[in-house]
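In: heads up, no residue letters with this:
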């Protein structure tokens, strides 16, 4: 029967898509990165602020993973609930005044790229007779997924924006956003409205949750602990998303940030802080520094501890504004030593100690506890790597190159080694 044959063909197409999803289960980061690269070009408003960019990255990766899971279980019913990371992006989109149409355009852009990505892999596996039906089924699934998400986003965006606009917290957040954007405001009037001294000394904080565990320490409890360590200061807070909040600690007396490093922070919370800044301009600068500190802490995963100050990462922050340029710099200077391996770690340690010892092999050998000839052998190996990366390099004698090497080694030490590039086929 034709109907029975159509049902059988449909079942074969769905089974093919399931197999395709299982086979590419671990390739979702590749798709997510392609989407993010396209969004950086077409919708830069989502990448002007580092925290919004972080939320966008989380949302794209969560949606890519969820659709891959749904495809592997097709024709499973799609959830109308957004992934948690996508809900966070929605919140920060509203907080930063990014229009709804931009967020919807981001989803449609992702839809087109996802269709291309899955289609190209389907064409490599599908029998020619089954390809048209499988491709049509794939397109319908992606369209349904994005349509469902878009409907939820439209409803939630309007509801959350109305709630925010009509609440005291929302009006306060709007005024703070205007300050951070550098709009010309009456600072004294803004300080009275916020009930916060804007011309004082400031330390800004970014607090965020980590992981998906059951523990959810209230941000207010963490702030109380920090306030107790710093002494008499005024706190201004601005909730950003379910997972993140901003704060400013201010006082007319000069702040001493040293006690912050010894504050006990719960396992599920991380805190990035600024340097001490002063005045209304310092209020803005402190926030930017705290956001930058938080970004570097997330890059380092948990290796920087639960709380970190801007001063710890100031050099890294200055050298990491353009992360692609930073990674190219590390690859040019260190070549294979920029990546994670036991041999690369030992080589970087040798080079760092050698430079710190004034380029003295004898002193370096003494500090590392090895024979001087071992140091000489390692240095010759390192020199050959340097020449392979840059035929004009002579880091034994060239002061500028030595400075670049020291900076590269410092970056690796602070941020960790680069991820291995995917193997070429």
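Out: Nice, I can see it. In this text the structure is predicted, and so the values were computed from the model without any measurement. Numbers count the residues shown, from 1 in each chain.
In: all contacts plus neighbour counts: C-alpha atoms, from now on.
Out: Will do.
In: mind showing which ranges of the stretch 301-425 of the chain have poor pLDDT?
Out: The model of the stretch 301-425 of the chain has pLDDT under 70 over residues 301-304, 381-401, 420-425.
In: where exactly do the strands run in it?
Out: 307-309 (DSSP state E, counting those that start in this stretch).
In: do the chain as well
Out: 201-209, 234-241, 244-251, 269-273, 277-278, 307-309 (DSSP state E).
In: Can I get those in JSON lines including mean neighbour count?
Out: Below are those laid out as JSON lines (neighbours: other C-alpha atoms under 10 Å):
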{"stretch": "strand 201-209", "mean neighbour count": "26"}
{"stretch": "strand 234-241", "mean neighbour count": "19"}
{"stretch": "strand 244-251", "mean neighbour count": "22"}
{"stretch": "strand 269-273", "mean neighbour count": "25"}
{"stretch": "strand 277-278", "mean neighbour count": "22"}
{"stretch": "strand 307-309", "mean neighbour count": "23"}
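In: Relative to residue 146, which of those is closest?
Out: Counting by C-alpha to C-alpha, residue 146 lies closest to strand 234-241 out of the strands of the chain; the figure is 22.5 Å.
In: circling back: nearest to residue 346, of the strands of the chain?
Out: Among those, strand 307-309 sits nearest to residue 346 (C-alpha to C-alpha), with 26.8 Å.
In: For the stretch 151-300 of the chain, which segments count as helices?
Out: Secondary structure of the stretch 151-300 of the chain (DSSP state H, counting those that start in this stretch): helices located at 168-180, 187-194, 219-230, 279-299.
In: deepest of those helices, which one?
Out: Neighbour counts (mean count of other C-alpha atoms under 10 Å) averaged over each of the helices of the stretch 151-300 of the chain peak at helix 279-299, with a mean of 22.
In: Next, the angle strand 201-209 makes with that helix.
Out: 30 degrees (axes from the mean of the first three to the mean of the last three C-alpha atoms, to 10 degrees).
In: Which elements pack onto helix 279-299?
Out: If contacts are counted by 3 or more C-alpha pairs under 8 Å, 6 or more residues apart in numbering; DSSP states H and E, helix 279-299 sits against helix 50-72, strand 201-209, strand 269-273, strand 277-278, strand 307-309, helix 310-319.
In: before we move on, back to that, distance to residue 377 for the strands of the chain - can I get that in CSV?
Out: Converted to CSV, the strands of the chain look like this (distance: least, C-alpha to C-alpha, whole Å):
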stretch, distance to residue 377
strand 201-209, 46
strand 234-241, 53
strand 244-251, 50
strand 269-273, 42
strand 277-278, 49
strand 307-309, 38
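In: and residue 298, which of those is closest to it?
Out: Closest of those to residue 298 is strand 269-273, at 9.2 Å (criterion: C-alpha to C-alpha).
In: Give the partner strands of that closest one in its sheet and their orientations.
Out: strand 201-209 (antiparallel), strand 307-309 (parallel) (DSSP bridges).
In: and for it, what are the contacting residues?
Out: 203-210, 217, 265, 289-291, 293-294, 297, 305-310 (C-alpha atoms under 8 Å, 6 or more residues apart in numbering).
In: How about stretch 229-237?
Out: 194, 196-197, 227, 245-251, 255-257, 259-260, 263.
In: at 6 Å what do you get?
Out: Counting contacts by C-alpha atoms under 6 Å, 6 or more residues apart in numbering, the residues outside stretch 229-237 that touch it are 246-251.
In: and the gap between the most centrally placed residue in the chain and residue 324?
Out: For the chain, the residue sitting closest to the mean C-alpha position, by C-alpha atoms, centre = their mean, is residue 54 at 4.2 Å. Computed as C-alpha to C-alpha, to the nearest Å, the residue 54 to residue 324 distance reads 16 Å.
In: And the average pLDDT for stretch 146-165 is what?
Out: The average pLDDT within stretch 146-165 is 90.
In: what comes into contact with stretch 44-51?
Out: Contacts of stretch 44-51 (C-alpha under 6 Å, 6+ apart): 52-53.
In: Kindly recompute the last result at 7 Å.
Out: By C-alpha atoms under 7 Å, 6 or more residues apart in numbering, the surrounding residues in contact with stretch 44-51 are 40, 52-53, 291, 295.
In: Redo these as a markdown table? Include pLDDT and distance to residue 77.
Out: A markdown table is the format used below for those (pLDDT from 0 to 100; distance: C-alpha to C-alpha, whole Å):
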| residue | pLDDT | distance to residue 77 |
| --- | --- | --- |
| 40 | 94 | 32 |
| 52 | 93 | 30 |
| 53 | 93 | 30 |
| 291 | 93 | 39 |
| 295 | 89 | 36 |
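In: what's the closest of the residues you listed to residue 274?
Out: residue 291 (8.2 Å).
In: got the contact list for the closest residue in space to the closest one that isn't next to it in sequence?
Out: Leaving aside its chain neighbours, residue 291 sits nearest to residue 206 (6.3 Å; criterion: C-alpha to C-alpha, 6 or more residues apart in numbering). The neighbours of residue 206, taking C-alpha under 7 Å, 6+ apart as the test, are 245-247, 271-273, 290-291, 294.
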